[in-house]
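> no letters, just coordinates:
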């Protein structure tokens, strides 16, 4: 704190010590003008031969120029330029109309007559200093007298008596006074430059370039943090392929072109998404630029331009005990801010690094912005440990730097199978959960006539189970009863020889998985002849059992490969693969391994030196029989 105060005082001393007599322009006025120009607070009047801006510092500023400067110092230039204003004045040039219009509508200025503004009239020192004092939050007639504003500006250190007896006031003077105002404190306590930065009117890069970073690195108040950052944070709703809302969360813009950040788990299962900004406007999400599932980060592209956005900070710049702010939409309460500290900098959970924080967050906060005391993003709020108090987590923002934001892929292209009503490869009469919802298979198991498919459940998947239950009924399944086994909860369904359990399984880390377990009663399916295969009498004959004709037959060095057209097999039984697996077990074979996806299934069995693989893929069911010396 002591160093910051010293630095602040040094800036004021430098500014005051360089304040020259009115009209005596050395390099100081040019330095101030160039600094204001770099900050976007002063415009040039032309370009010099060397390409640098020209400022005409030796002429008097006009009323129109003074009002434009006032609006910029207030941080309202964007609002003025994009607004629609009406004034009674006929003598305002086109470039100045937004500034005069905003100032007139806001009560910041009046005309010189009922329909004249006096745009080209020169301003005096008192008039210009009055504008600057208004930018600092002071009120003429209450805090100072407008025609003697220099007396008040002298008293607060903005000026040093230079303009008390001066009859001349030039653009060089205006540059010096305006530059000096940047280090002045507003009535609410922060510096003018700090307020401009907090409201997004100037960038940290520009501030750093002109050597005034010490004026914005001072901690902002919570009110300033919210004013600066909340417009860039949005409410996001993700939808499945049918348009049903899967869940809601948070996100924030990092560029005015619609590039934005949220958590990976927010958009993981999305088929589409929309965002609502703080002003209530709704925009489509075009797609995903890049993502990092391990660090739970995603960069998305929102359809639109001109968005307010946040500056990315350095997550390493905060340490244990640093004050942080979280802005997001907890429980759907849009635009909420909370305050806390960093309670542990690097907390690794399930191989994912987190910043542990005490700033309160709730479901719906995922993807929100975690900000340092200067309003820079240092993390993405992600979740928490609900069994404790204030054990909340954020992903450090530095992990975002490795992700690309150049192009995006639409949700539809990233989930090409979503919405398809197809059966599982092994059990075709059961709708494939993954294909229907565009969800990748996490794991699969087969044991004793039972197939189990696992899918990682993200927080966005709040309604999918009810949709899947409806799909099961559409496919002819009947609800039997609720299923509960400890913390595992789900429902029983039945159809013909199939018993189906669909359940949510939590694990010890707090993650959840959706399990689709298919059990077959194979005894009632095929009263077929069980015969051995040619040359391998201890291997059940696939074609005799199902009454099929081989599509192809190839001999190998250790056995043979038979292929069957899957359409012909399905005509006999869509569950032929699982039925044959049960038959192998009945003949004394043991399950070795297997794999399943939305497009294929393969299982391998062994008995002594015999290995049998049954695979369903690319329109064929393939049976491979071989002898293995490993079994002898």
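Structure received. The structure presented is a predicted model; accordingly, all values stated were derived computationally and were not measured.
> which strand runs longest in the protein?
strand 336-349 (DSSP state E).
> report pLDDT for the closest residue to residue 391 other than its chain neighbours.
Of all residues not flanking residue 391 in the chain, residue 385 sits nearest, at 4.0 Å (CB to CB, 6 or more residues apart in numbering). Glycine gets a C-beta too; all of them are placed from N, C-alpha and C. pLDDT for residue 385: 81.
> isn't residue 481 up against residue 493?
No: with contact defined as CB atoms under 8 Å, residue 481 does not count as touching residue 493 (9.6 Å).
> looking at the two, which one has more neighbours?
Using other CB atoms under 10 Å as the criterion, residue 481 and residue 493 rank with residue 493 on top: 23 against 9.
> C-terminal to the longest strand of the chain, which secondary structure element comes first?
Next in sequence after strand 336-349, counting helices and strands by DSSP states H and E, comes strand 352-357.
> for that next one, name the packing helices and strands.
The helices and strands touching strand 352-357, judged by 3 or more CB pairs under 8 Å, 6 or more residues apart in numbering; DSSP states H and E, are strand 336-349, strand 377-384, strand 392-396.
> residue 208: which of these is closest?
strand 377-384 (17.2 Å; CB to CB).
> tell me the helices and strands packed up against that closest one.
strand 259-262, strand 323-328, strand 352-357, strand 368-371, strand 392-396.
> could I get these as TSV with distance to residue 281, mean neighbour count and mean pLDDT?
Listed next are the helices and strands packed on strand 377-384 as TSV, based on distance: least, CB to CB, whole Å; neighbours: other CB atoms under 10 Å; pLDDT from 0 to 100:
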stretch	distance to residue 281	mean neighbour count	mean pLDDT
strand 259-262	14	25	96
strand 323-328	18	24	94
strand 352-357	30	22	88
strand 368-371	19	32	95
strand 392-396	27	25	93
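> which one of the ones you listed lies nearest to residue 410?
Smallest distance to residue 410 across the helices and strands packed on strand 377-384 (CB to CB): 15.3 Å, for strand 259-262.
> would you map the helices across the stretch 501-632 of the chain?
Ranges of helices within the stretch 501-632 of the chain are 542-546, 566-572, 576-586, based on DSSP state H, counting those that start in this stretch.
> what's the second one in contact with?
Judged by CB atoms under 8 Å, 6 or more residues apart in numbering, the contacts made with helix 566-572 from elsewhere in the structure are 428, 546, 547, 548, 549, 576, 616, 619, 620, 621.
> by neighbour count, which of those wins?
Highest neighbour count within the contacts of helix 566-572, by other CB under 10 Å: residue 576, with 27 neighbours.
> how near is that one to residue 583?
Residue 576 sits 10 Å away from residue 583 when distances are taken as CB to CB, to the nearest Å.
> and what of residue 299?
Computed as CB to CB, the residue 299 to residue 583 distance reads 51 Å.
> check residue 511 too.
37 Å.
> for the closest residue in space to residue 55 that isn't next to it in sequence, what are phi and psi?
In space, and not counting its chain neighbours, residue 55 is closest to residue 33: 4.5 Å by CB to CB, 6+ apart. Main-chain dihedrals, residue 33, degrees, to the nearest 10: phi -60, psi -40.
> count of neighbours near the residue nearest to residue 76 when sequence neighbours are not counted?
Leaving aside its chain neighbours, residue 76 sits nearest to residue 102 (6.3 Å; criterion: CB to CB, 6+ apart). Residue crowding around residue 102 was assessed by other CB under 10 Å; the count is 24.
> and the helix or strand hosting residue 102, what does it pack against?
Assigned by DSSP H and E, residue 102 belongs to helix 97-105. Under the contact criterion of 3+ CB pairs under 8 Å, 6+ apart, helix 97-105 touches helix 63-73, helix 77-82.
> Serialize these to a markdown table and add fields for distance to residue 265.
A markdown table is the format used below for the helices and strands packed on helix 97-105 (distance: least, CB to CB, whole Å):
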| stretch | distance to residue 265 |
| --- | --- |
| helix 63-73 | 42 |
| helix 77-82 | 34 |
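> now the ones you listed in TSV, with mean pLDDT?
Formatted as TSV, the helices and strands packed on helix 97-105 follow (pLDDT from 0 to 100):
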stretch	mean pLDDT
helix 63-73	91
helix 77-82	88
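> immediately after the helix holding residue 102, which helix or strand?
Per DSSP H and E, the first helix or strand lying C-terminal to helix 97-105 is helix 125-135.
> which other helices and strands does that following helix contact?
Applying 3+ CB pairs under 8 Å, 6+ apart, we find helix 125-135 packed against helix 63-73, helix 149-155, helix 171-181.
> now those helices in JSON lines, with distance to residue 518 and mean neighbour count?
JSON lines is the format used below for the helices and strands packed on helix 125-135 (distance: least, CB to CB, whole Å; neighbours: other CB atoms under 10 Å):
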{"stretch": "helix 63-73", "distance to residue 518": "68", "mean neighbour count": "24"}
{"stretch": "helix 149-155", "distance to residue 518": "81", "mean neighbour count": "20"}
{"stretch": "helix 171-181", "distance to residue 518": "74", "mean neighbour count": "26"}
